[in-house]
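Q: Pasted the sequence and its predicted model underneath.
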Amino acid sequence: MPDEDQGYIYVSMQLPIAASMERTSAAAKTGRGCSRKHAGVQYTTNGSRLQPSQLRPHYYNSFFFVTLKPWGERKGRAEQYQEIKNRLNQELSRLRSNRFWFFRRLPVPGVGTSGGFQFVLEDRSGQDVQFLSDNLNKFLAAARKAP
């Protein structure tokens with residue numbers, strides 16, 4: 001899926017594992033400051049100790065939601081998604097003691113580059129199992145025709 005302007009950017013930050021909460025908070029403040037000063041950014045919110053890929057919080061993590069101004073208010077290339085992301089990446093990469101990375105919400109929820117998708121066929125009409133089976137077979141036959 002192409003990288004698409006959805007009006008926000010997710011940024012994840014990780015410090016060395018032994019970093020204190022105070023150090024993480026200071027680094028998060030610096031990261032917020034970097035993102036807020038860009039034209040096209042409406043506001044930045046962050047949650048310390050958050051890391052979306054992990055199931056429990058850690059003192060050395062922080063996660064940012066960089067919300068962009070509405071499309072109609074962003075004028076010129078400097079205020080567009082990819083340009084903001086590139087400049088922000090350059091600035092954050094200068095903070096050597098921290099690791100930052102960007103990721104995006106998938107353009108089509110549930111369809112990713114590695115996870116495939118899930119589909120559930122339901123019979124909501126209350127018919128018998130044979131009816132559901134027949135319709136499943138029709139659906140699979142039609143799906144096999146599509147490349």
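A: Cool, the structure landed. Everything numeric here is computed off the predicted structure, so don't read it as measured data.
Q: C-alpha from now on. contacts and neighbour counts both.
A: OK.
Q: any idea whether Asp134 is helix, strand or coil?
A: helix (DSSP: H, G, I helix; E, B strand; the rest coil).
Q: Kindly report the same for Thr45.
A: strand.
Q: That one: neighbour count?
A: 13 (other CA atoms under 10 Å).
Q: try Phe131
A: 12.
Q: Tyr43 now?
A: 16.
Q: Determine the set of other helices and strands touching the strand or helix carrying Arg87.
A: Assigned by DSSP states H and E, Arg87 falls within helix 81-93. Packing contacts for helix 81-93, counted by 3 or more CA pairs under 8 Å, 6 or more residues apart in numbering; DSSP states H and E, involve helix 21-36, strand 99-103.
Q: and the angle from it to strand 99-103?
A: Per axes from the mean of the first three to the mean of the last three CA atoms, to 10 degrees, the angle that helix 81-93 makes with strand 99-103 is 170 degrees.
Q: Pick out the least confidently modelled helix or strand of this structure, by mean pLDDT.
A: Least confident helix or strand of the chain, by mean pLDDT, DSSP states H and E, is strand 99-103 with a mean of 75.
Q: mind listing what that strand pairs with, with the direction of each?
A: Strands that pair with strand 99-103, judged by DSSP bridges, come out as strand 8-14 (antiparallel).
Q: Now do the strand it pairs with against helix 21-36, angle only.
A: Using the same axes, to 10 degrees: strand 8-14 against helix 21-36 is 150 degrees.
Q: on that earlier part again, return the set of buried residues in the helix holding Arg87.
A: Going by neighbour count (16 or more other CA atoms under 10 Å), the buried part of helix 81-93 is Tyr81, Ile84, Lys85, Leu88, Asn89, Leu92.
Q: could I get those residues as JSON lines with pLDDT and distance to Glu4?
A: Shown next, in JSON lines, are the buried residues of helix 81-93 (pLDDT from 0 to 100; distance: CA to CA, whole Å):
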{"residue": "Tyr81", "pLDDT": "87", "distance to Glu4": "8"}
{"residue": "Ile84", "pLDDT": "89", "distance to Glu4": "13"}
{"residue": "Lys85", "pLDDT": "87", "distance to Glu4": "11"}
{"residue": "Leu88", "pLDDT": "86", "distance to Glu4": "17"}
{"residue": "Asn89", "pLDDT": "85", "distance to Glu4": "17"}
{"residue": "Leu92", "pLDDT": "83", "distance to Glu4": "21"}
